[in-house]
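Visitor: Below are the sequence and a predicted model; questions follow.
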Amino acid sequence: MSERSLPEDTREGYADELPEYAERVLEVAERIPPGRVMTYGDVAEWLEEGGPRQVGRVMALYGGAVPWWRVVRADGALLPGHELTALDHYRAEGTALKEASRAAAGHLPRLDMKRARWDGDADSGTHT
């Protein structure tokens, strides 16, 4: 999730030319507190527009400038290709993780979705 992942035509000045939906998705990503996560579907539901694929597309194209590691897959698996970077962020922020079994490919942990998921309420300490 870096500028390298942006298409050539969106690198220069892309912040001024973001589609309105992309701006809204990125605003939600920025609101997620450290140590908490929302799924792609959660973000779409919170916005009452789009779906998980649309949110994922926005994050893939424009998410490098926001805490992209806080918008995740519903199964808690780490983002393919960015697992170690995301894991560093999760550990630094104290995000709840489930340690991987020895049989798990790569022995990478997953997010503990029951404990780490955020419902979007800034005043709420509860999980969804």
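Guide: Thanks, I have the structure now. Because the structure is a prediction, the values reported are computed rather than measured. Numbers count the residues shown, from 1 in each chain.
Visitor: need the next SSE after the helix or strand of the chain with the lowest mean pLDDT, C-terminal direction.
Guide: Within the chain, no helix or strand scores below helix 8-11, which has a mean of 45 by mean pLDDT, DSSP states H and E. Elements were assigned by DSSP states H and E; along the chain past helix 8-11, the next helix or strand is helix 20-31.
Visitor: Run the chain-centre distance for the very next helix or strand once past that next one.
Guide: The C-terminal neighbour of helix 20-31 among helices and strands, as given by DSSP H and E, is strand 38-39. Relative to its chain's centre, strand 38-39 lies at 6 Å (C-alpha atoms, centre = their mean, to the nearest Å).
Visitor: and the residue positioned nearest the centre of the chain, bridged to which residues?
Guide: In the chain, the centroid-proximal residue (C-alpha atoms, centre = their mean) is residue 71; its distance is 1.6 Å. Beta bridges link residue 71 to residue 38, judged by DSSP bridges.
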